[in-house]
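Student: Attaching a predicted model along with its sequence, questions to come.
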2 protein chains.
Amino acid sequence: MTAARPATTGGFATQGPVLVIGTGLIGASIGLALTAEDVPVRLRDSSPSALALARDVGAGVPEQPDDEPPALVVVAAPPDVAAGIVGAALHTYPDAVVTDVASVKSSIRAELEGFATLDLSRYVGSHPMAGRERRGAAAADSDLFAGRPWVLAAGPETSPEALRAVRGLAVDLGASPVEMSAAEHDQAVALVSHLPQLMSSLVAARLVGAPEEALGLAGQGVRDVTRIAASDPQLWATILVGNAGPTRTVLRAVRDDLDALLRSLDRAADDGPLALGAMAGIAGLVSAGNDGVGRIPGKHGGARRHYFEVTVLVPDRPGELGRLFSEVGEIGVNIEDFKMEHSPRQRVGMATLSVLPAAAEPLVAELQEREWRVVVE
Amino acid sequence: MTAARPATTGGFATQGPVLVIGTGLIGASIGLALTAEDVPVRLRDSSPSALALARDVGAGVPEQPDDEPPALVVVAAPPDVAAGIVGAALHTYPDAVVTDVASVKSSIRAELEGFATLDLSRYVGSHPMAGRERRGAAAADSDLFAGRPWVLAAGPETSPEALRAVRGLAVDLGASPVEMSAAEHDQAVALVSHLPQLMSSLVAARLVGAPEEALGLAGQGVRDVTRIAASDPQLWATILVGNAGPTRTVLRAVRDDLDALLRSLDRAADDGPLALGAMAGIAGLVSAGNDGVGRIPGKHGGARRHYFEVTVLVPDRPGELGRLFSEVGEIGVNIEDFKMEHSPRQRVGMATLSVLPAAAEPLVAELQEREWRVVVE
């Protein structure tokens, strides 16, 4: 295979031509990033209109019968069809490295192992941990993968060259490659992605029949918990069916915890608030939750740092938030995190700035000097 | 009772003296807001150090034996002790209106009805829907209630004067009074507050034993779902034990949904992805979640509006976010909502600005002109 561009340009490792099969959000974003670095990208999609859209946003050019064979094939199709497309690509392009970027890995590998005569040394299952709530090439973004983990699930037959090629793709797109087995990947996403999705949906589904007045009491907590409940039902059903085993394992553990919790609530409801074990059962769960949430890595993948929160009341009109940030910039304090919360029924917002502990006190003093209404937490 | 200050000052309705019993976050915040408007506030707390702290932050002065009797008593104590304190206050101050601000209402009312000889015409249970993750008078904030719902759960015996006094307190503190029965309140908070708290804790508790590498794949979804899992275990156990009946009702419904979900996953895991009903069961739940989350009222209590999201990549150093907001202010666009997301392992942040649809296109054009890296969704 030939390098269609000097491998040295911008330090880009990926050798073209690259064939991207499936031009939704992920496929088009990959095409866009590679095209921007002059790697030749060919596109294929079973939907002609999706293909045309991907071409129009600059993700590459539709493949032609007389194209040079690809050096790398990226299958960016839903998990239920990915294995078939990977198998066909391995067969059609005997010199190409093939990867898929679907969000489940074991079921695709199992399906591929069922095909006789496939050369799996050229296949690496992968999964960039990136996405958006909007789908399709219209939402494509060459920076979609910047700083995100990109799981590489090589199998025992995977050749070092194939692994190197897919790792190179991940690095070229700004992602952080993470090697784990297909089974480890599937268990991990069942826990940190599929479980939260389902629990969010379970809470949100309970709101369907709720009285209007009850919803009027909704605060930031229920909003945060249900944000991802707005996700696409069919996409999620496909993902979850493809990862049913690991997902049911973690969901069964949650059901056991939930049953224990219900026993505590039953005791309190039936025998009064001082019922033996009721308090301890509930406090124990909330306390375990404290421990669990403390294990989520912080910003930039480093250890979670403790920030001080400075909350500022901001009038809800153009320029006010800008003025706040501009003045924080003048004060010379770096904002580690930021949250905007709006008070219902009042034209005021609460901007919460997370800053390093040492920066909190001077920041508050300076902001108050400038007549901002500030609360320190 | 006498007005200790002219009722006209700043249009403030609340007549002092006010006795605040319990000087934690809520009690001290109420004291702070009233003191700022020159309403005389007396403080009582079973903890001398908590009392001294509340005095020091300016929430009022510790009560003295020869104080003028209060016109209004605010009981800001945990739900398990609130009824006893309310009962004693009604007895000690025969002319005072008494309210409590605990987060459960029926159990307190039931306990009060069990006391013979109490004049409940002067009692109004209430619940300001406000709080912070930090507790105690040190976190007190006179703006804590601004724009928040404040539930007034009057009983059949409540006098119009007592209801007017407590509504006046809520309005004076900037809150929006919402009248509902104690039972309606408890069912509403079971659904929009206690259920999300427990589900968040259930997800977070599963992370305790998770492999480090799995946690490394955590994205914004699991972070949002588990944010409130960092809450105080003992406080939550007290609240949930006090609202055990309504909470178990909604939690049982969730368990039924979860069992149905597990049946779908079992089918998919045991009989393969095309198992009858597996896809439909999962998609049905996610779809119900879509409907439920769509019912949560939007900003300022109005109907949820649809905003366009404009995402800007912001270098992670002091002043950059300030420069962005300052330039957005210059462009003259109002930011309806704002979210900051950090890419793990990379010194860049993604700032997502929600703006009205009509403002999105000009904003993007102007930002690009100023060489910001922008993605539109």
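Tutor: It's in.

Student: Quickly list the domain ranges of chain A.
Tutor: With domains defined by automatic domain parsing, chain A comprises A:10-180, A:187-212+A:220-293, A:308-376.

Student: And stretch A:138-153, what's buried?
Tutor: A:139-153 (16 or more other Cβ atoms under 10 Å in any protein chain shown). Where you see a C-beta, it was placed from the backbone N, CA and C, and this is true even at glycine.

Student: Show me the subset of these that also lies near chain B.
Tutor: A:139, A:141, A:143, A:146-149, A:151 (Cβ under 8 Å from any Cβ of the partner chain).

Student: Which single one of those is nearest to chain B?
Tutor: residue A:147 (2.7 Å; Cβ to the nearest Cβ).

Student: What count of nearby residues applies to residue A:49?
Tutor: 8 (other Cβ atoms under 10 Å in any protein chain shown).

Student: Now residue A:42: which helix or strand?
Tutor: strand A:41-44 (DSSP states H and E).

Student: which helices and strands does the next helix-or-strand element following that strand pack with?
Tutor: Moving toward the C-terminus from strand A:41-44, the next helix or strand (DSSP H and E) is helix A:48-57. Packed against helix A:48-57 by the contact rule (3 or more Cβ pairs under 8 Å, 6 or more residues apart in numbering or on different chains; DSSP states H and E) you find helix A:25-36, strand A:41-44, strand A:61-62.

Student: Between the ones you listed, which one is closest to residue B:86.
Tutor: helix A:25-36 (56.1 Å; Cβ to Cβ).

Student: where does chain A dip in pLDDT?
Tutor: Within chain A, the segments meeting pLDDT under 70 span A:1-11, A:133-134, A:298-307, A:341-348, A:375-377.

Student: any idea how far residue A:368 is from the residue nearest in space to the middle of chain A?
Tutor: Geometric centre of chain A, nearest residue: residue A:130, 4.0 Å, by Cα atoms, centre = their mean. Noted for residue A:130: a distance of 40 Å to residue A:368, by Cβ to Cβ, to the nearest Å.

Student: Near chain B, which residues of the stretch 1-150 of chain A are found?
Tutor: So the stretch 1-150 of chain A meets chain B at A:80, A:107, A:129, A:132-134, A:139, A:141, A:143, A:146-149 (Cβ under 8 Å from any Cβ).

Student: sorry, back to before: could you single out the most deeply buried of the helices and strands packed on helix A:48-57?
Tutor: helix A:25-36 (a mean of 25; mean count of other Cβ atoms under 10 Å in any protein chain shown).

Student: Please compute how far that helix lies from its chain's middle.
Tutor: The chain centroid and the centroid of helix A:25-36 are separated by 17 Å, computed with Cα atoms, centre = their mean, to the nearest Å.

Student: How about residue A:222: what's its closest non-neighbour residue?
Tutor: Residue nearest to residue A:222 in three dimensions, not counting chain neighbours: residue B:196, with 4.4 Å by Cβ to Cβ, 6 or more residues apart in numbering or on different chains.

Student: what's the distance between that neighbour and residue B:68?
Tutor: 44 Å.

Student: which residues touch the residue nearest to residue A:205 when sequence neighbours are not counted?
Tutor: In space, and not counting its chain neighbours, residue A:205 is closest to residue B:288: 3.9 Å by Cβ to Cβ, 6+ apart. Shown in contact with residue B:288 (Cβ atoms under 8 Å, 6 or more residues apart in numbering or on different chains): A:201, A:204-205, A:208.

Student: Filter those residues down to the buried ones, ChimeraX style.
Tutor: The ChimeraX selection below is limited to those of the contacts of residue B:288 classed as buried (16+ other Cβ under 10 Å):
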select /A:201,204,205
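
Student: want to try TSV for the contacts of residue B:288, with secondary structure as columns?
Tutor: Below are the contacts of residue B:288 laid out as TSV (DSSP: H, G, I helix; E, B strand; the rest coil):
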residue	secondary structure
A:201	helix
A:204	helix
A:205	helix
A:208	coil
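
Student: Quick check: the farthest pair among the contacts of residue B:288?
Tutor: Farthest pair in these, by Cβ to Cβ: A:201 and A:208, 11.2 Å.

Student: ok, residue A:291 touching residue B:208?
Tutor: Yes - the pair residue A:291 and residue B:208 qualifies as a contact (Cβ atoms under 8 Å) at a distance of 5.2 Å.

Student: what does stretch A:194-202 contact?
Tutor: A:225-229, A:231, A:236, A:239-240, A:243, A:246-247, A:250-251, A:254, B:199-200, B:202-203, B:206, B:221-222, B:225-226, B:254, B:257-258, B:261, B:285-286, B:288-289.

Student: Now it - C-alpha only, CSV.
Tutor: Extracted C-alpha coordinates of stretch A:194-202, given in CSV (Å, rounded to 0.1, in the frame of the first residue of the first chain):
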residue,chain,number,x,y,z
HIS,A,194,-25.4,2.0,30.1
LEU,A,195,-26.5,1.8,33.8
PRO,A,196,-26.6,5.6,34.2
GLN,A,197,-28.6,5.9,31.0
LEU,A,198,-31.2,3.3,32.2
MET,A,199,-31.5,4.8,35.7
SER,A,200,-32.0,8.2,34.2
SER,A,201,-34.7,6.9,31.9
LEU,A,202,-36.4,5.1,34.9
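
Student: and that stretch, how far from the chain's centre?
Tutor: 14 Å.

Student: Kindly report the same for stretch A:318-328.
Tutor: Counting by Cα atoms, centre = their mean, stretch A:318-328 comes out at 30 Å from the chain centroid.

Student: For it, list every residue counted as buried.
Tutor: A:319-328.

Student: just checking, next helix/strand downstream of the longest helix along chain A?
Tutor: Longest helix of chain A, by residue count under DSSP state H: helix A:244-271. Next in sequence after helix A:244-271, counting helices and strands by DSSP H and E, comes helix A:278-293.

Student: So what angle separates the directions of that next one and helix A:244-271?
Tutor: Angle of helix A:278-293 versus helix A:244-271, following axes from the mean of the first three to the mean of the last three Cα atoms, to 10 degrees, is 150 degrees.

Student: residues of the helix or strand following helix A:278-293 that come out buried?
Tutor: Next helix or strand after helix A:278-293 toward the C-terminus (DSSP H and E): strand A:308-315. Neighbour counts over strand A:308-315 (16+ other Cβ under 10 Å) mark A:308-314 as buried.

Student: Could you check how many residues crowd around residue A:88?
Tutor: 16.

Student: show me the contacts for it.
Tutor: No residues are in contact with residue A:88 under the rule Cβ under 8 Å, 6+ apart.

Student: before we move on, what about residue A:109?
Tutor: Neighbours of residue A:109 in contact, by Cβ under 8 Å, 6+ apart: A:125, A:153, A:155, A:182.

Student: farthest-separated two in the ones next to chain B among the buried residues of stretch A:138-153?
Tutor: Going by Cβ to Cβ, the pair spanning those furthest: A:139 and A:151, at 21.8 Å.
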